[in-house]
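Asks: Output the structure for:
(2 chains)
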Amino acid sequence: MKAQAQFEEIAAGAVGLARARGATDAECTLIQGDEFSVSVRRGQVENLKQAGARGAGIRVLIGKRTGSAYTSDLTPDGIRAMVSGAMEIAEITSDDSFAGLPEDADFGKVDADLQLYFDDVETLSTEEKIRRARDAEAAALAVDSRITNSEGASFDSYTGYRVFANSRGFVNSYRTSNCSLATVPVAKLGDAMERDYWMTAARSASRLESPELVGTTAAKRVLRRLGARKVATQRVPVVFEARVARSLLDHVFDAVNGNSVYRKASFLAGKLGEKVASERVTIVDDGTIPVLFGSTPSDDEGVPSRRTVVVDKGVLTSYLMNTYSARRLGLKTTGNASRGLTGAAAVGHGNFYLEPGAMTAAEIIRSVPNGLYVTELIGFGANTVTGDYSRGAVGLWIENGELAYPVSEVTISGTIPNLLAGIEAIGNDLEFRGSLASPTVMVGELMVSGK
Amino acid sequence: MPFSESFFARKFGVTERDLNRYLAEAMSAGGDYADIYFEYLSTTTISVDESIVKSATQGTTLGAGIRVIAGERTGYAYSDDLSPEKILKAARVAACIAKGPATVDTIGFTENPTRDLYPVLTAPTESSLAERVALVKRADAAARAADSRVFLVQAMYADNLRHVLVATTEGGLTFDRQPLARMGVSAYVRNGEGRPQNAYSGGGGRVGLEFFETVKTPEYFAGEAVRQALVQLEAVDAPAGETTVVLGPGWPGILLHEAVGHGLEADFNRKGVSAFSNRVGQQVASPLCTVVDDGCISNRRGSLNVDDEGNQTQRNVLIENGVLRGYLHDRLSSRLLRATPTGNGRRESYQHIPLPRMTNTFMLAGESDPEEIVKSVNKGLYCAAFGGGQVDITSGNFVFTASETYLIEDGKITRPVRGATLIGNGPESLKHVSMVGRDLQLDQGVGICGKEGQSVPVGVGIPTIKIDRMTVGGTAK
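Replies: A predicted model of the protein is given here:
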């Protein structure tokens, strides 16, 4: 707690210094954290990295002009230089009548204990971290003789503080922890090689999946990719495995991001109250669920996190906004301000998820006579301005409701609005493995391009 | 330059004796090799949005990263405090990777030979803020004035100045000053209340601010962004399935970056997990293709006097007349594979372990007339500009997203098509290259390459080429 109080003092001090230099308002963010990572390959430690990092950022307002600066130097000299840098920047920016801190009444934090920090991450020994990585890799290699190689396994952990103070007297700081274990086996069939991975991540070391489960899951995933074929070009139903369906949520988030909406640079701009997805679709942002990665007591402007229904049974009910985008849209902030260390806050999400349906993933697959089950997507072919969607895909072909053979070197394409409208089934397998989460999703028809 | 006049000696009082002490501490538990990387980075970003300078930021980060190599094992630690106690502490943490007696005593440092591929007297980061703001405002004004269908313009400028110092237990001592600047414009257009379209154009390099006056002006980037966005207003659905693809010169060279570049990084090949592993000497492309990675082209975004391990960058031939010649190495891979270092050890910052990375990757010019290449295609696609790409180096499958693309019908470039992803397989795709133009162009200087969570600036380039068969992820059948 001593360190935390010290950081709060530095942040509040930077804000005070900015005010003393003539800033109308100021907000300071400070991050201090310890990172650890170890990677193991073929049983041997490959990389071991350990360090503490810190940084501070400030944003000042002089009237309606803003300036930002950051530094990794938290000494009094470093902080002074940072404040001067931000004041200097404020001289060259323009008046922006919407710029400013949130309304005083908006500041606050979630009262409940969100359980973002577990001390078992810090106390877990280096030997134990190496053991878990080693065991995960070994478990993957032991599954099948076709698994001939490995890109290794890694255990990563982080513990740290995030501190925020502004010139309205609002100060908040919280401590977080996280750790993860992953392995990447490589399998071979003839001349063709494939890799896949499995990863478990949690705020507490005791909540991680076992190394054996991580290894065997990764092994199953890579084995089912062997012997992949390219299929003929055709329009078919496409089932997105839960892990990849998360990317669809990412596109929806980009489109409901208040910063894109007020600029009309989103296909969902101007669509509040309209039907934008199949009635099966309900999408929620909730930054207040204990232990999850998307939870925070308050957003990065000091506004409490909350639960916001973004799409309700297919109807667009809310955008996600920070103070600035909300003012631009004539709406209220939803507590979704997000920033690194400095600059005007962007918009981020809490735990952003698609509500589960009733069917199991297996039942959804069984309902498809001929189609593609997508297990990996690559590339950047989703444009949330125009709605165009075209991405590289890897998966398994579904024949008469059965997973028949692996498929690769194909693309799936359509438009994001049609994709959302075309969602015909949603699985019951919602699981929070990160701050974006989705169950299995089936879309009635997309173009699969191959041969 | 004597060490005492170098940046870290002047600004932070670092001495050769300090460096020796840090490296000795790093090797206090044994190990084959250690190095220390000091970095001082100043950055500026300025953005004009809706015609006002909405935000601008300047920042400073500094720190030192210490690495110890023992066989295939690497220990790494860093400190963002350059005091001797903190650096020694980081050295002790990195030393934990090895187990044995101390292996370093006194190092006689020799300064590595230097050259200057970016002789920029005043780095953009050191020039006046007002001057830089004026550039961004000009880009915004030009884009708005270009066409009445423009409804939103975002103009961005970013620069940084990086001072580095690398000292190794082999006695190598290297310093460099690395300026970098880039500007870009995103233009959004629409017809009335129709569907919006957007496009981006930008560029820069390791250049002084005069680059944006004399080589590529804000007006140029603005004009390009608006032109590309307007083209998209007329776009029809892209075809779905296999077709002939002609890549225009310049930025479409990202194909090489994804299709072969990553797969030839030696860490993947050392581990045998790349689709190109153990293929040196084999035909992996059509004999028309020669691909190089060249880190020493003056003022380019991907260029470096020395890589982030203190080795001079060089021109490395990756594929010669279709035959795989070699890999891109960092220090670790060249040690373990007993290969000559290629100057490709790069890292995002002092917080990161170096990896084999590309610099400027491009295909050498061929002999075909670019117009003849298009004329030779009965039905296909012409790709003039791309967005990003990605590769699975193990299977070799790669994608990239075409952002300005046209149909080719009866030997002529006709209608624009919507953005679509193209997909291929690294060791196979380039075998289908049947014509290579004489019009090699490097890109304008916007590339960022990501690998294992580390981003570094890179360049790409390509002449006009014809690929007889590629899968296009459109929606029109």
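Asks: Beta-bridge partners for whatever residue of chain A ends up closest to chain B, please?
Replies: In chain A, the residue that lies nearest chain B is A:Thr411 (2.8 Å; C-beta to the nearest C-beta). The C-beta positions use only the backbone N, C-alpha and C, and glycine is treated the same way. Judged by DSSP bridges, the bridge partners of A:Thr411 are A:Gly392, A:Ser449.
Asks: Alpha carbons of whichever strand or helix holds B:Phe221, as PDB, please.
Replies: B:Phe221 belongs to helix B:218-233 when elements are defined using DSSP states H and E. Extracted C-alpha coordinates of helix B:218-233, given in PDB (Å, rounded to 0.1, in the frame of the first residue of the first chain):
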ATOM      1  CA  PRO B 218       1.200  17.000 -47.500                       C
ATOM      2  CA  GLU B 219      -0.800  17.900 -50.600                       C
ATOM      3  CA  TYR B 220       0.400  14.800 -52.400                       C
ATOM      4  CA  PHE B 221      -0.700  12.500 -49.500                       C
ATOM      5  CA  ALA B 222      -4.000  14.300 -49.300                       C
ATOM      6  CA  GLY B 223      -4.600  14.000 -53.000                       C
ATOM      7  CA  GLU B 224      -3.800  10.300 -53.000                       C
ATOM      8  CA  ALA B 225      -6.100   9.500 -50.100                       C
ATOM      9  CA  VAL B 226      -9.000  11.400 -51.600                       C
ATOM     10  CA  ARG B 227      -8.400   9.900 -55.100                       C
ATOM     11  CA  GLN B 228      -8.300   6.300 -53.700                       C
ATOM     12  CA  ALA B 229     -11.400   6.900 -51.600                       C
ATOM     13  CA  LEU B 230     -13.400   8.300 -54.600                       C
ATOM     14  CA  VAL B 231     -12.400   5.300 -56.700                       C
ATOM     15  CA  GLN B 232     -14.000   3.100 -54.000                       C
ATOM     16  CA  LEU B 233     -17.400   4.900 -54.500                       C
END
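Asks: Can I get the helix or strand just after that helix in PDB? Just the C-alpha atoms.
Replies: Next along the chain after helix B:218-233, taking DSSP H and E as the criterion, comes strand B:240-247. Extracted as PDB, the C-alpha positions of strand B:240-247 are listed here (Å, rounded to 0.1, in the frame of the first residue of the first chain):
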ATOM      1  CA  ALA B 240     -14.500 -14.900 -55.500                       C
ATOM      2  CA  GLY B 241     -12.100 -17.800 -56.300                       C
ATOM      3  CA  GLU B 242      -8.900 -18.300 -58.200                       C
ATOM      4  CA  THR B 243      -7.800 -15.700 -60.800                       C
ATOM      5  CA  THR B 244      -4.800 -14.000 -62.400                       C
ATOM      6  CA  VAL B 245      -3.500 -11.200 -60.300                       C
ATOM      7  CA  VAL B 246      -1.300  -8.300 -61.400                       C
ATOM      8  CA  LEU B 247       0.400  -6.400 -58.600                       C
END
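Asks: Surely the residue of chain A closest to chain B touches A:Val394?
Replies: No - between A:Thr411 and A:Val394 there is no contact under C-beta atoms under 8 Å: 10.7 Å.
Asks: who in the stretch 1-150 of chain A is up against chain B?
Replies: By C-beta under 8 Å from any C-beta of the partner chain, the residues of the stretch 1-150 of chain A that approach chain B are A:41, A:44-55, A:57, A:66-73, A:78, A:81-82, A:85-86, A:88-89, A:91-96, A:149.
Asks: Cross those against helices and list the overlap.
Replies: A:78, A:81-82, A:85-86, A:88-89 (DSSP state H).
Asks: which ones are touching residue 336?
Replies: Reading this off chain A. A:258, A:285, A:287, A:299, A:308, A:320-322, A:347-350 (C-beta atoms under 8 Å, 6 or more residues apart in numbering or on different chains).
Asks: Please refer instead to chain B.
Replies: By C-beta under 8 Å, 6+ apart, the neighbours of B:Leu336 are B:72, B:270.
Asks: so what's it scoring on pLDDT?
Replies: We have a pLDDT of 91 for B:Leu336.
Asks: And for A:Trp397?
Replies: pLDDT, the model's per-residue confidence, is 98 for A:Trp397.
Asks: what about it, how many residues close to it?
Replies: 20 (other C-beta atoms under 10 Å in any protein chain shown).
Asks: And it, which helix or strand is it part of?
Replies: Element membership for A:Trp397, per DSSP H and E: strand A:388-399.
Asks: residues touching residue 331, list them.
Replies: Looking at chain A here, since you left the chain open. A:258, A:319, A:321.
Asks: wait, I meant chain B there
Replies: Here B:Arg331 is in contact with B:33, B:35, B:69, B:309, B:311, B:341, B:345, B:354 (criterion: C-beta under 8 Å, 6+ apart).
Asks: Kindly report the residues of the stretch 101-250 of chain B close to chain A.
Replies: B:129-130, B:133, B:151-152, B:188, B:195-198, B:232, B:238, B:240-242.
Asks: By pLDDT, give me the weakest of those.
Replies: Ranking these by pLDDT, B:Arg195 lands last with 89.
Asks: what kind of secondary structure is the residue nearest to it when sequence neighbours are not counted in?
Replies: Sequence neighbours aside, A:Thr386 is the residue nearest to B:Arg195 in space, at 6.2 Å (criterion: C-beta to C-beta, 6 or more residues apart in numbering or on different chains). For A:Thr386, the reduced secondary structure class is coil; criterion used: DSSP: H, G, I helix; E, B strand; the rest coil.
Asks: A:Thr386 touches B:Asn198, doesn't it?
Replies: Yes - the criterion here is C-beta under 8 Å, and A:Thr386 meets it with B:Asn198 at 7.2 Å.
Asks: Check the contact lists of the two and give me the overlap.
Replies: Common neighbours of A:Thr386 and B:Asn198 (C-beta under 8 Å, 6+ apart) are B:Gln232.
Asks: about what we covered before: show me which of the contacts of B:Arg331 is closest to B:Asp18.
Replies: Of all the contacts of B:Arg331, B:Asp18 sits closest to B:Asp35, with 14.3 Å by C-beta to C-beta.
Asks: What strand or helix carries that closest one?
Replies: Assigned by DSSP H and E, B:Asp35 belongs to strand B:33-49.
Asks: The closest residue to chain A within the stretch 101-250 of chain B: what's its closest spatial neighbour, skipping adjacent residues?
Replies: The stretch 101-250 of chain B approaches chain A most closely through B:Gly241 (3.7 Å), counting by C-beta to the nearest C-beta. Excluding the flanking residues, the one nearest B:Gly241 by C-beta to C-beta, 6+ apart is A:Thr233, at 3.7 Å.
Asks: For the one you found, grab the count of nearby residues.
Replies: For A:Thr233, the count of nearby residues is 21 (other C-beta under 10 Å).
Asks: So between A:Thr411 and A:Val394, which is more surrounded?
Replies: Between A:Thr411 and A:Val394, counted using other C-beta under 10 Å, A:Thr411 has the larger neighbour count: 30 against 23.
Asks: residues contacting that one?
Replies: Listed by C-beta under 8 Å, 6+ apart, the contact partners of A:Thr411 are A:381, A:390-393, A:448-449, B:399, B:420-421, B:423, B:471-473.
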